[in-house]
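Colleague: Give me a model of this one.
(2 chains)
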Amino acid sequence: MKRVVITGAGTINALGRDVASTLEAMREGRCGIGELDIRDVDRLAIRIGGQVRDFEAESVFNRQQLTLYDRFTQFTLVAAAEAIAQCGLEFTGELAARAGVVLGTAGGGVSTWDDNYRSVYEDGKNRVHPFVVPKLMNNAAASHVSMQYNLKGPSFTVSTACASSNHAMAQAFQIIRSGMSKAMVTGGSESMLCFGGVKAWEGLRVMSRDACRPFSANRNGMVQGEGAGVFVFEEYEHARARGADILAEVVGQAMSSDAADIVMPSKQGAARAIAGALHDAGVSRDEVGYINAHGTGTAANDKTECAAVADVFGPHADSLMISSTKSMHGHLIGGTGAVELLACIMALRDGVIAPTIGYEEFDPECALDVVPNEAREAKVDVALSNAFAFGGLNAVLALRRI
Amino acid sequence: MEIRDKVIEIVAEQAVLEPSDVKMDNTLEELGIDSLGLVESIFAIEEAFDISVPFNANNPTEGDFDISTVQSIVAGIETLIRDQKT
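Modeller: Next comes the predicted model:
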């Protein structure tokens, strides 16, 4: 089996327009969640989110591109540009023929659906722009990345709700590990912060009206974010031979299905994914220093996740750190695992643990070290990133310092 | 604005040309407009003139709407406006 490393990272999210500004915000425990600035917000009960602000798509893309790029594709391309520039790879010849793009998204072009439904239902128009379908399709972002960077290998989009990005990155990891490809572009993107997107989430009654406070006893729900995280995964020897700057090694992954409930999480399903990732990575429990939690800030997720971690790690659960950066950037749904992987990389590479901000009250059902409110310096060898989706689909990644 | 000028404006925008560079006897191919560009042009024409253009991208030459040149498109629109607005 080949070893797999990360040689490029890119992002855009409520905390920043690139990796450096995002990590700086995480170090400072800054909150990117605020009042939503979207059309018809006055008809919404939920009016906060981790929105990407002051993003002028017109200054990044030309008119022809904008007719084809939904906001989730725009975010993807911005993040991909940063990641691919950092990795320094030029995709040509045999490398390009086998390098692909695997991205996660839950909703794809949600605002394209929203805008065009509005146009035909509310405004009574009988004609929509011819590119509505290629703009809204879930694989649009992956396809545009492949076209822009000449990536001709296995490329597809994974849609497993809140675990989409982790499932996508697990696939990219396996593709390189098995020897199918030397490099893969992977991660995920989401942009549901439009009237219809937020309205749909409102219906479920799991959204907070004021803040995302993971693990805090007074938590009252999740807060949506938007944005993208994109990485270049590369075969270790390939990266080393060209002297690439290696950000971290991806050492394992596991995927599991609760096979139980369409929305309620299961401790067993989560625990099987966490334990599976450790087994796949060949690391022992006490090597794990940090877990980037799924940590949505809902009553159900946080206590179930903490119980799963306690089950898997036993006494070591009390000495590892587990934080939820969703408290800062919000829940990016299908893109969330990708942005959260940055916190794992920061822990391994910089020795800085991103905090769980908004933490106010101890909850005995979440009695772990959740790194409350302030970042912490610590040397970490192995970090995990959890994602547990609606539908009971779980994916956990294991990273090691290199 | 005359039909002809509006059509030239639409076609020029698709081709990323100045309207003055578009000649009436140009074919869309000569102007560098591909199949997606054609579909987008038809949409823009329908919006601009509030007409419905009988066009199927599976078989662009079928039907009465002649897309062989800028001139034939203008003529086709004139006919459609006459038929659909009366």
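Colleague: so how far is residue B:59 from residue A:336?
Modeller: Separation of residue A:336 from residue B:59 (Cβ to Cβ, to the nearest Å): 45 Å. In this view, the C-beta of every residue, glycine as well, is placed from N, C-alpha and C.
Colleague: Those two - which one has more neighbours?
Modeller: residue A:336 (35 against 8; other Cβ atoms under 10 Å in any protein chain shown).
Colleague: Could you pull up the residues touching that one?
Modeller: A:162, A:165, A:188, A:190, A:225, A:326, A:387 (Cβ atoms under 8 Å, 6 or more residues apart in numbering or on different chains).
Colleague: I'd like the residues you listed laid out as JSON lines, including neighbour count.
Modeller: Formatted as JSON lines, the contacts of residue A:336 follow (neighbours: other Cβ atoms under 10 Å in any protein chain shown):
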{"residue": "A:162", "neighbour count": "28"}
{"residue": "A:165", "neighbour count": "38"}
{"residue": "A:188", "neighbour count": "40"}
{"residue": "A:190", "neighbour count": "33"}
{"residue": "A:225", "neighbour count": "30"}
{"residue": "A:326", "neighbour count": "31"}
{"residue": "A:387", "neighbour count": "33"}
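Colleague: Give the residue spans of chain B that score low on pLDDT.
Modeller: Counting by pLDDT under 70, the ranges of chain B that qualify are B:86.
Colleague: Tell me which residue lies nearest the centroid of it.
Modeller: Centroid-nearest residue in chain B, with Cα atoms, centre = their mean: residue B:73, separated by 4.6 Å.
Colleague: In the stretch 201-350 of chain A, what residue comes closest to chain B?
Modeller: Here the residue of the stretch 201-350 of chain A nearest chain B is residue A:228; by Cβ to the nearest Cβ that distance is 24.9 Å.
Colleague: after the host helix or strand of that residue, next one along is what?
Modeller: Using DSSP states H and E, residue A:228 falls within strand A:227-235. Helices and strands here follow DSSP H and E; after strand A:227-235, the next one along the chain is helix A:236-241.
Colleague: just to revisit the earlier point, who are the neighbours of the one helix or strand the residue nearest to the centre of chain B maps to, in terms of helices and strands?
Modeller: Counting by DSSP H and E, the element that carries residue B:73 is helix B:70-84. Contact here means 3 or more Cβ pairs under 8 Å, 6 or more residues apart in numbering or on different chains; DSSP states H and E; on that basis helix B:70-84 packs against helix B:3-15, helix B:35-49.
Colleague: let's see it at 6 Å
Modeller: If you count contacts as 3 or more Cβ pairs under 6 Å, 6 or more residues apart in numbering or on different chains; DSSP states H and E, helix B:70-84 packs onto helix B:3-15.
Colleague: In the helix it packs on, which of the residues would be classed as buried?
Modeller: B:3, B:4, B:6, B:7, B:8, B:10, B:11, B:12, B:13, B:14, B:15 (16 or more other Cβ atoms under 10 Å in any protein chain shown).
Colleague: Please apply the same query to stretch A:249-266.
Modeller: Neighbour counts over stretch A:249-266 (16+ other Cβ under 10 Å) mark A:249, A:250, A:251, A:252, A:253, A:254, A:255, A:256, A:258, A:265, A:266 as buried.
Colleague: sorry, back to before: reformat the contacts of residue A:336 as a markdown table; add secondary structure and pLDDT.
Modeller: Below are the contacts of residue A:336 laid out as a markdown table (DSSP: H, G, I helix; E, B strand; the rest coil; pLDDT from 0 to 100):
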| residue | secondary structure | pLDDT |
| --- | --- | --- |
| A:162 | helix | 98 |
| A:165 | helix | 98 |
| A:188 | strand | 98 |
| A:190 | strand | 98 |
| A:225 | strand | 98 |
| A:326 | helix | 98 |
| A:387 | strand | 98 |
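Colleague: Same list (these) but as TSV, adding distance to residue A:152.
Modeller: Putting those into TSV (distance: Cβ to Cβ, whole Å) gives the following:
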residue	distance to residue A:152
A:162	30
A:165	23
A:188	21
A:190	26
A:225	32
A:326	35
A:387	28
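Colleague: what's the closest of the residues you listed to residue A:89?
Modeller: Set against residue A:89, the nearest of the contacts of residue A:336 by Cβ to Cβ is residue A:188 (20.2 Å).
Colleague: tell me the contacts of the closest one?
Modeller: The neighbours of residue A:188, taking Cβ atoms under 6 Å, 6 or more residues apart in numbering or on different chains as the test, are A:103, A:104, A:105, A:164, A:165, A:168, A:334, A:335, A:338.
Colleague: Residue A:90 now?
Modeller: Shown in contact with residue A:90 (Cβ under 6 Å, 6+ apart): no residues.
Colleague: Return the angle between stretch directions for the lengthiest helix in chain A and strand A:227-235.
Modeller: For chain A, the helix with the greatest residue count under DSSP state H is helix A:71-87. Per axes from the mean of the first three to the mean of the last three Cα atoms, to 10 degrees, the angle that helix A:71-87 makes with strand A:227-235 is 40 degrees.
Colleague: Please name the bridge partners of residue A:12.
Modeller: residue A:228 (DSSP bridges).
Colleague: could you list every residue that touches residue A:321?
Modeller: Here residue A:321 is in contact with A:290, A:353, A:369, A:371 (Cβ under 6 Å, 6+ apart).
Colleague: The first one is in contact with residue A:380, isn't it?
Modeller: Spelled out, it's residue A:290. Yes - look at residue A:290 against residue A:380 with Cβ atoms under 6 Å: they come within range, at 4.7 Å.
Colleague: Please say which of those two ends up with more neighbours.
Modeller: Higher neighbour count among residue A:290 and residue A:380: residue A:290, with 27 against 23, using other Cβ under 10 Å.
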